[in-house]
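Colleague: the following comprises the amino acid sequence and a computationally predicted model.
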Amino acid sequence: MADPSNTNTLLLAQTVASFSRSELRWELAIIGAAVAILSIAVAAIALFCFRRGTRDLTLIYFGLLCILYAVRVLASFSSFRSIFNEPQMFWSYVNWVITCTIILPLGLFLYQLFDERLRNFFRWLLAAQTAFAIFGILAAALRVSLTKLSFANNFVVLGTLLATALFLVANKWRPGPRQRLSREFLVFVGGFLVWMLFVVHANLLGLKILKGQNVEFLGFLVFVASLGYISAYRTFANEERLIAINKELEIARRIQSSTLPQFVPSFAGLEIAARYAPMSAVAGDFYDFLCVDEKRVGILVADVTGHGVPAALIASMLKVAFAGQAAHAHDPARVLTGLNRSLCGKFEEHFVTAAYLFVDLEKSLLRYSAAGHPPLMLASGAAGKVREIEENGQMLGMFPESTYSSVEIRVGPGDRCLLYTDGVFEAKNAAQEEFGKSRCKEFLETQRDIPAARFANALLDRVAGFSGHNSARAQEDDITLLVLDFQKEIA
């Protein structure tokens, strides 16, 4: 039996020998161009993989288009085919499958490039091309003549080009404000028109209207250069925008951090620990203090619906509104009523849940009121059990006439209060199970002996460990908690 490798070598040698020197130069030039296009495709996909922060899919579509075209060009040469031990029919089917599908990455590239008005046209165009690709591949699999299918494809390509040209002309003369054409669009149109001249020439050759050599690859090289410029331009422009956004978010984070208390007030007989863990650079959680004197302080914890910059802006509004409640800091119901009236009408799609706790160390008394907020948790030093204290009215910022009530609670030495936002017990693990109030209460019961600051850190670590936030999983909500420890006799 003959060695297949020797057979392939012999075929390659015979193929080369059958060429004239000029034909060989021409084929090597085309193969070199195909290899260059393939290299550009690999570089584009690598650029997308290594710079994924931009998430610009034009690089992927550009790479796929170049790969398909380069493989089709290479597969059209007997010198390349002779390297592989495959029959001629195999390469004919490879060429046909690429012919059917190569338009799809180009259409997806254009879909990413144009505005919404042009995207509607390209949706229909992509649907039609996808239908033809499926039809063509199935027809080839059913042994329909590739010659007939190629003939039909020539008409489809020419028809697509004509429909696209007519649509663009009609769109240009459409009544309405004229928008200045972008540099990307002009570069694309220039490269596309050059390529289309070569494509029309190739299809006319296929229809036997013209005679000569197929030089479509030269036009495609020009088109690849224009698409490469557009993809690189968009990638680096997106990165510049991303850097600018990150800088703005960092500024917003600093501004928001300045709206939070810069220090926790200190009182004889009371230790306060505050922890703030936003899920992103800026967040909608908020807490603040109204210090009346050395024995009395009001504490607000609030949670704006949503995340990011909109929630952070509302939280900043909340700080201003809260500062205006200093005159009646001793009355939680009045504080929440004032906040609600200040916030109503300022935003539509958001609301605020809040809890306000007034601590009177002189009278060993707490006054508490809330607006749609999770309950206050109080661990009694004597009983060792955790109570949930809930005195809720409607959320802030929705109903101007909402009213609130408050409840009074006696406290003693060793008692511990926990104020928090719902990010604590709504944290979920990989199985979508919530941390829940019961785990929070259990942790509060079992960690009674450690100081407030250590307890706050330990609780955050416990939540992060349960939900996996300290590993690869991202935090799903902002978390804020305040721990109040009554350390000795209050009198």
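Modeller: Perfect, I can see it now. None of the values given here were measured: they were computed from a predicted structure.
Colleague: mind showing which ranges of the chain have poor pLDDT?
Modeller: 1-23, 51-56, 115, 117, 168-182, 256, 281, 381-384, 469-475, 488-491 (pLDDT under 70).
Colleague: strands of that one, start to end?
Modeller: 270-277, 285-291, 296-304, 352-360, 365-371, 376-379, 386-389, 392-393, 407-410, 416-420, 479-486 (DSSP state E).
Colleague: take these and write them to a markdown table, including distance to Ala133.
Modeller: No exception for glycine: its C-beta is placed from N, CA and C like everyone else's. Converted to a markdown table, those look like this (distance: least, Cβ to Cβ, whole Å):
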| stretch | distance to Ala133 |
| --- | --- |
| strand 270-277 | 50 |
| strand 285-291 | 51 |
| strand 296-304 | 49 |
| strand 352-360 | 53 |
| strand 365-371 | 58 |
| strand 376-379 | 61 |
| strand 386-389 | 62 |
| strand 392-393 | 59 |
| strand 407-410 | 69 |
| strand 416-420 | 56 |
| strand 479-486 | 50 |
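Colleague: in stretch 225-236, what's buried?
Modeller: Of the residues in stretch 225-236, Ser226, Leu227, Gly228, Ile230, Ser231, Ala232, Arg234, Thr235 count as buried by neighbour count, 16 or more other Cβ atoms under 10 Å.
Colleague: in helices, which of those residues fall?
Modeller: Counting by DSSP state H, the part of these found in helices is Ser226, Leu227, Gly228, Ile230, Ser231, Ala232, Arg234, Thr235.
Colleague: for the nearest residue to the fourth one once chain neighbours are set aside, what are its contacts?
Modeller: Nearest residue to Ile230, sequence neighbours excluded (Cβ to Cβ, 6 or more residues apart in numbering): Glu184, at 5.0 Å. With Cβ atoms under 8 Å, 6 or more residues apart in numbering as the criterion, the residues that contact Glu184 are Leu113, Ile230, Tyr233, Arg234.
Colleague: closest one to His350 out of the buried residues of stretch 225-236, please.
Modeller: Using Cβ to Cβ, Arg234 comes nearest to His350 of those, at 33.4 Å.
Colleague: isn't that closest one up against Thr58?
Modeller: Yes - checked against Cβ atoms under 8 Å, the pair Arg234 and Thr58 is within contact range at 5.7 Å.
Colleague: one step back: now distance to Ala321 too, for the contacts of Glu184, in JSON lines please.
Modeller: As requested, those are exported to JSON lines (distance: Cβ to Cβ, whole Å):
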{"residue": "Leu113", "distance to Ala321": "46"}
{"residue": "Ile230", "distance to Ala321": "49"}
{"residue": "Tyr233", "distance to Ala321": "46"}
{"residue": "Arg234", "distance to Ala321": "43"}
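Colleague: sorry, back to before: quick one: which of the strands of the chain is nearest Asn120?
Modeller: The nearest among the strands of the chain, by Cβ to Cβ, is strand 296-304 at 36.6 Å.
Colleague: and that closest one, which residues are buried?
Modeller: Arg296, Val297, Gly298, Ile299, Leu300, Val301, Ala302, Asp303, Val304.
Colleague: how about stretch 396-405?
Modeller: Buried-residue list, stretch 396-405, by 16+ other Cβ under 10 Å: Leu396, Gly397, Met398, Ser402, Tyr404.
Colleague: what's the answer for stretch 358-369, then?
Modeller: So for stretch 358-369, counting by 16+ other Cβ under 10 Å, buried means Phe358, Val359, Asp360, Leu361, Ser364, Leu366, Arg367, Tyr368, Ser369.
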